[in-house]
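Undergrad: Take this sequence and fold it.
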Amino acid sequence: MVTTTDIGRIRNIGFIAHIDAGKTTVTERVLFFTGRIYKIGGVDEGTTAMDWMEQEKERGITITSAATTAEWKGFTVNIIDTPGHVDFTAEVERSLRVLDGGVVVFDAVAGVQPQSETVWRQADKYNVPRLCFINKMDRVGADFHRAIGTITHRLHANPVAIQIPIGQEDEYRGTVDLVDEKSWIWSDESGDAPKEGPVPEELIEDFRIYRAAMIEKIAETDDDIMMKYLEEEEISNAEIKSALRRATIGNKIVPVVCGTALRNKGVQPLLDAICDYLPSPLDIPPVVGKHPKTGEEIQRSPDIEEHFSALAFKTVSDSYIGRLVYFRVYSGKAVAGSMVFNANKGRRERLGRIVRMHAQHREDSEAVYAGEIAAAVGLKDTSTGDTICSQDYPIVLETITFPEPVVSVAIEPKSRADQDKLTEALIKLSDEDPTFRIRYDDETGQTVMSGMGELHLEILVDRMKREFSVESNVGMPRVAYREAVSIPAKGVGRFVRQTGGHGQYGHVVVEIEPGAPGSGVQIIDKIRGGAIPREFIPSAHKGISQALLTGPLSGFPVIDVKVTMVDGSFHDVDSSQISFEIAGSMAAKDAVNRARPKLLEPVMSLEVVTPGEFLGEVLGDLGRRRANIKNIEGESDTQVVQASLPLGESFGYANALRSLTQGRASYAMEFDNYQEAPQSLVST
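TA: So this is what the prediction gives:
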């Protein structure tokens with residue numbers, strides 16, 4: 001029987017970072033040292049436990065988040081290893097939504113990188129406490145203190161070193177624990193347990209300085225420690241640890257540890273820090289949701305005696321057992337074979353098998369309890385973001401929001417025989433991935449699929465070929481432009497048809513104005529005095545929404561607008577829902593045309609790291625691509641260029657950058673915002 005004490009010893013954590021910072025390597029070592037696996041795999045060889053997809057093994061990158069469970073000193077650590085590439089940001093988003101804590105992995109040479117900032121913002125969004133692991137301390141150019149400095153300056157965080165390294169670069173051999181006042185020394189790379197000892201003589205002075213700085217930062221977040229600190233009383237290590245845990249869970253402090261996972265150094269103290277400082281489900285405030293019918297706010301505590309509630313955060317098509325739904329239990333318990341209620345869709349479903357995941361391997365379980373993460377077989381209608389709960393005590397938890405796709409390609413089967421298989425594959429993949437969209441373009445007669453980037457779509461096409469045996473032709477990538485309005489305007493929609501019997505009559509007047517960037521589409525009802533009967537308002541609303549899906553310039557959706565229904569009229573006999581839907585659509589189109597429509601293009605945030613000798617060529621190429629250079633920083637012979645670049649100009653940039661810099665430069669890019677496109681693009 002699971003007790004409250006057991007829940008208190010659960011840690012639901014995720015490894016998050018920029019691509020190539022070493023998340024999967026860290027996860028692999030954690031699994032090895034906890035006894036979950038018995039042989040260490042390598043990312044370069046494609047033999048890690050968590051990167052199990054063929055595409056991951058070939059490319060040496062994580063594509064899909066993988067879940068597993070490990071045991072460490074009496075604690076159950078549920079781990080999700082997430083991708084670092086920006087094209088797979090949805091995997092990070094949905095993982096952070098259900099995790100209690102995060103371990104952010106940084107490269108000791110590069111420090112904070114572009115995708116580090118993205119995942120940090122995502123963790124802030126869900127208020128996830130985290131600790132930092134400065135990895136690759138053995139690399140040439142590794143600098144622990146500079147890496148911490150980049151966390152302070154670029155992430156505006158409050159990092160606190162709770163360890164300092166013993167040696168750096170090829171001389172890195174251990175760490176000093178500032179809390180417990182001891183050292184850990186690793187003899188070699190074999191993975192043996194580290195040797196515990198006193199603080200080395202040569203580091204006594206550094207130890208005192210950094211321990212005093214740590215205590216001072218902790219005191220700033222804790223009144224009891226502050227009083228003792230000011231009165232120069234003795235503060236015990238247990239008190240420091242307790243206060244540091246409270247400050248970490250309260251997101252006031254981010255503890256920082258270090259190591260080199262590839263050389264098997266620093267992983268055991270990292271595991272200790274995860275258990276000591278990151279929250280259990282009991283440390284997180286009760287989850288808040290709403291009643292599906294009344295909208296009343298409801299709280300659920302992480303208690304097995306509570307009514308069952310869980311959030312589905314991922315769906316996977318498994319070739320052996322069908323559709324798997326990953327879910328996090330927030331309260332109560334669920335038993336295999338029992339009936340649950342999908343509160344979002346209002347349907348009952350049978351929770352067939354419950355399985356605990358270790359990457360793609362499954363272990364059957366009879367039940368799952370509050371605070372745990374598992375997967376279920378048999379939930380046919382449950383999708384990402386849905387709440388499953390007890391039917392007698394329904395609740396809808398906050399769902400997961402995902403970014404809109406920015407790149408589209410047309411796809412068609414190579415033969416007629418593949419048409420049905422292609423449709424099935426596209427539906428299954430879009431069910432798994434909320435940032436993958438499919439639509440049929442009536443004008444061109446093509447199936448268009450949209451995603452977060454070229455790599456994202458390339459991986460999906462490869463998966464169709466391997467997993468669904470579908471051969472397809474794929475067009476060139478196209479940019480997902482948007483349209484917006486420049487000025488306020490009024491639009492009138494009057495739909496009148498007279499036929500032999502009942503006619504059709506609908507009349508809607510709307511006012512449109514530009515909205516704030518990122519505000520989407522807002523439709524407001526200000527109809528007064530019964531000008532339009534209440535039963536026709538939803539139809540007019542629907543017509544306006546549909547009209548805004550196709551803009552007047554290039555047929556792209558209109559975004560960031562505020563549409564207000566202000567007036568209209570109706571006919572006692574001839575008015576109907578369809579007539580007001582058409583009138584609403586006509587009014588919206590009229591208003592957009594009068595409001596000086598403009599084309600918006602997606603603009604990417606770009607960071608290029610290049611040797612100084614190639615800086616001129618890199619800047620010249622960016623200039624030709626309409627890039628806006630924001631900042632150039634130099635570190636020794638390396639130059640870091642920060643810029644914004646229109647997505648349409650970014651295709652093929654990887655190959656161009658390699659050619660310009662003899663393959664020595666690297667870059668990272670992520671979607672930033674939409675900006676007005678130049679007139680030359682509108683005319684084409």
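Undergrad: quick check: longest helix of the chain.
TA: Scanning the chain for the helix with the most residues, using DSSP state H, yields helix 577-594.
Undergrad: buried stuff in the next helix or strand after that one?
TA: Downstream of helix 577-594, the next assigned helix or strand under DSSP states H and E is strand 597-611. Within strand 597-611, the residues scored as buried using 16 or more other C-beta atoms under 10 Å are 597-610. No exception for glycine: its C-beta is placed from N, CA and C like everyone else's.
Undergrad: so where's the stretch 251-400 of the chain uncertain?
TA: The stretch 251-400 of the chain contains residues with pLDDT under 70 at 318-320, 359-360.
Undergrad: how about 90 then?
TA: Within the stretch 251-400 of the chain, the ranges that satisfy pLDDT under 90 run 251, 259-268, 281-307, 312-328, 331-340, 342-387, 389-400.
Undergrad: same check, this time on the stretch 401-550 of the chain
TA: Per-residue confidence for the stretch 401-550 of the chain (pLDDT under 90) gives these ranges: 401-482, 496-504, 515-521, 525-535, 549-550.
Undergrad: and for the longest helix of the chain, what are the contacting residues?
TA: 483, 485, 489-495, 497, 504-512, 532, 535-536, 539-544, 546-548, 551-552, 558, 561, 563, 565, 568, 570 (C-beta atoms under 8 Å, 6 or more residues apart in numbering).
Undergrad: Selecting buried members of those in PyMOL, what would you type?
TA: To isolate the buried members of the contacts of helix 577-594 in PyMOL, using 16+ other C-beta under 10 Å:
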select buried, resi 483+485+489+490+491+492+493+494+495+504+505+506+507+508+509+510+511+512+532+536+539+540+541+542+543+544+547+548+551+558+561+563+565+568+570
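Undergrad: Among the contacts of helix 577-594, which ones are in helices?
TA: Short answer: those in helices (DSSP H) are 539-544, 546-547.
Undergrad: so can I have CSV of those residues showing distance to residue 417?
TA: Converted to CSV, the ones in helices among the contacts of helix 577-594 look like this (distance: C-beta to C-beta, whole Å):
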residue, distance to residue 417
539, 43
540, 46
541, 43
542, 39
543, 41
544, 43
546, 35
547, 39
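Undergrad: how close does the nearest residue to residue 486 once chain neighbours are set aside sit to residue 236?
TA: Distance criterion C-beta to C-beta, 6 or more residues apart in numbering; nearest residue to residue 486, sequence neighbours excluded, is residue 596 at 4.0 Å. Distance, residue 596 to residue 236, using C-beta to C-beta, to the nearest Å: 68 Å.
Undergrad: Kindly report the same for residue 93.
TA: Per C-beta to C-beta, residue 93 is found 40 Å from residue 236.
Undergrad: same check, this time on residue 466
TA: Distance from residue 466 to residue 236, counting by C-beta to C-beta: 58 Å.
Undergrad: same thing with residue 459?
TA: Applying C-beta to C-beta, the value for residue 459 to residue 236 is 52 Å.
Undergrad: Surely residue 151 is within a helix?
TA: Yes: under DSSP: H, G, I helix; E, B strand; the rest coil, residue 151 sits within a helix.
Undergrad: Surely it and residue 159 touch.
TA: Yes: contact status for residue 151 versus residue 159: in contact at 4.5 Å, counting by C-beta atoms under 8 Å.
Undergrad: Give me the common contacts of these two.
TA: Both residue 151 and residue 159 are contacted by 132, 254, 256, under the criterion C-beta under 8 Å, 6+ apart.
Undergrad: ok, the last one - how many residues close by?
TA: The local packing of residue 256 (other C-beta atoms under 10 Å) involves 24 other residues.
Undergrad: Identify the bridge partners of it.
TA: residue 132, residue 161 (DSSP bridges).
Undergrad: got the buried residues for stretch 302-317?
TA: Buried-residue list, stretch 302-317, by 16+ other C-beta under 10 Å: 302-304, 306, 308-317.
Undergrad: likewise stretch 451-462?
TA: For stretch 451-462, a neighbour-count test (16+ other C-beta under 10 Å) marks 451-461 as buried.
Undergrad: Could you list which of the residues you listed belong to helices?
TA: Using DSSP H, those in helices are 454-461.
Undergrad: Grab the nearest non-local neighbour of residue 476.
TA: residue 409 (7.0 Å).
Undergrad: then the helix or strand harbouring the one you found to CSV, C-alphas only?
TA: Assigned by DSSP H and E, residue 409 falls within strand 407-413. Written as CSV, here are the backbone C-alpha positions of strand 407-413 (Å, rounded to 0.1, in the frame of the first residue of the first chain):
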residue,chain,number,x,y,z
VAL,A,407,7.1,25.5,-41.9
SER,A,408,4.9,23.7,-44.4
VAL,A,409,5.5,21.2,-47.1
ALA,A,410,3.2,19.5,-49.6
ILE,A,411,3.2,15.7,-49.5
GLU,A,412,1.8,13.0,-51.8
PRO,A,413,2.1,9.2,-52.0
